[in-house]
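J.: just to be clear, the model below is a prediction. Sequence and coordinates:
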Amino acid sequence: MENQKSGSFEQVANSKYPFQLPPLPYGFDALAPVIDAETMQLHHDKHHQTYVDKLNEALKDKSDLHDKTLTELLSGLSDVPEAARTAVRNHGGGHLNHSMFWEILKSGGEDNKPSGALAEAIDRDFGSFDEFKEKFNDAGAKLFGSGWVFVVADGGKLKIKPMSNQDNPLLEGQRAIIGNDVWEHAYYVSYRNRRPDYLKAWWKVVNWDKAAEMFEKTRA
Ligand code: MN
């Protein structure tokens with residue numbers, strides 16, 4: 001269990017140049033039919049790999065940034081020289097977002113729901129788990145273009161935070177607890193243009209144990 005707790009998301013968040021693609025913690029078909037195997041393979045092996053490659057490319061000649069972790073780069077973006085800033089924001093954000101995404105998912109089921117302190121915080125801040133999901137899905141459906149919907153703890157209170165492109169809440173000094181990728185590449189093979197159907201089905205594969213761990217970190 002200890003190994004699972006110090007999973008690759010934390011390793012990625014604390015890693016430095018040259019960045020590496022973390023292995024998917026399960027098979028490509030593990031989340032089917034909610035997320036099909038073809039989508040998983042393309043998403044991990046091609047899309048995520050490309051964020052890693054482009055981040056490394058952008059930092060190749062910036063040796064003064066090689067001692068900074070991915071978390072430090074994103075939370076201190078204004079300290080990154082302008083020539084590399086957009087690449088760090090987009091590709092560094094993409095690397096961190098996807099590294100989180102793989103880990104907060106797992107083979108799930110209809111009864112998949114949070115428990116413990118996170119469930120209590122959801123009830124407290126949204127009324128109920130159902131109301132929380134509805135607000136989250138609504139934010140995902142309304143997000144124009146490409147981006148993510150995150151849940152963050154803002155001064156102890158849970159908030160739904162839609163962000164564009166590959167922006168991560170670290171850019172605003174917040175840590176994500178969960179996040180759903182609403183770029184078309186995340187759902188188009190199975191769901192075509194029906195993003196709301198993907199958002200609704202996605203809850204079946206959320207790894208609430210990992211989410212609880214992420215929540216605890218925001219309270220540390
Ligand atoms: Mn993606």
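T.: Cool, got the structure. Numbering: from 1, shown residues only.
J.: okay, buried residues for the top helix by length along the chain please.
T.: Counting residues, the longest helix found in the chain (DSSP state H) is helix 129-142. Neighbour-count burial for helix 129-142, counted by 16 or more other C-beta atoms under 10 Å, picks out Phe132, Lys133, Phe136, Asn137, Ala139, Gly140. The C-beta positions use only the backbone N, C-alpha and C, and glycine is treated the same way.
J.: and what of stretch 180-191?
T.: Buried residues in stretch 180-191, counted by 16+ other C-beta under 10 Å: Asn180, Asp181, Val182, Trp183, Ala186, Tyr187, Val189, Ser190, Tyr191.
J.: before we move on, the earlier item: elements contacting the longest helix of the chain?
T.: In terms of contacts (3 or more C-beta pairs under 8 Å, 6 or more residues apart in numbering; DSSP states H and E), helix 129-142 is packed against helix 116-126, strand 147-154, strand 157-164, helix 195-202.
J.: nearest to Asn97, of the ones you listed?
T.: Of all the helices and strands packed on helix 129-142, it is strand 147-154 that lies closest to Asn97, at 6.0 Å by C-beta to C-beta.
J.: report the inter-axis angle for the closest one versus helix 195-202.
T.: On the basis of axes from the mean of the first three to the mean of the last three C-alpha atoms, to 10 degrees, strand 147-154 is oriented at 50 degrees to helix 195-202.
J.: sorry, back to before: can you tell me which of the helices and strands packed on helix 129-142 is packed in deepest?
T.: strand 147-154 (a mean of 22; mean count of other C-beta atoms under 10 Å).
J.: you'd agree Leu118 is up against Phe215?
T.: Yes - in this structure, Leu118 is within contact of Phe215 by C-beta atoms under 8 Å, at 4.6 Å.
J.: thanks a lot, see you next time.
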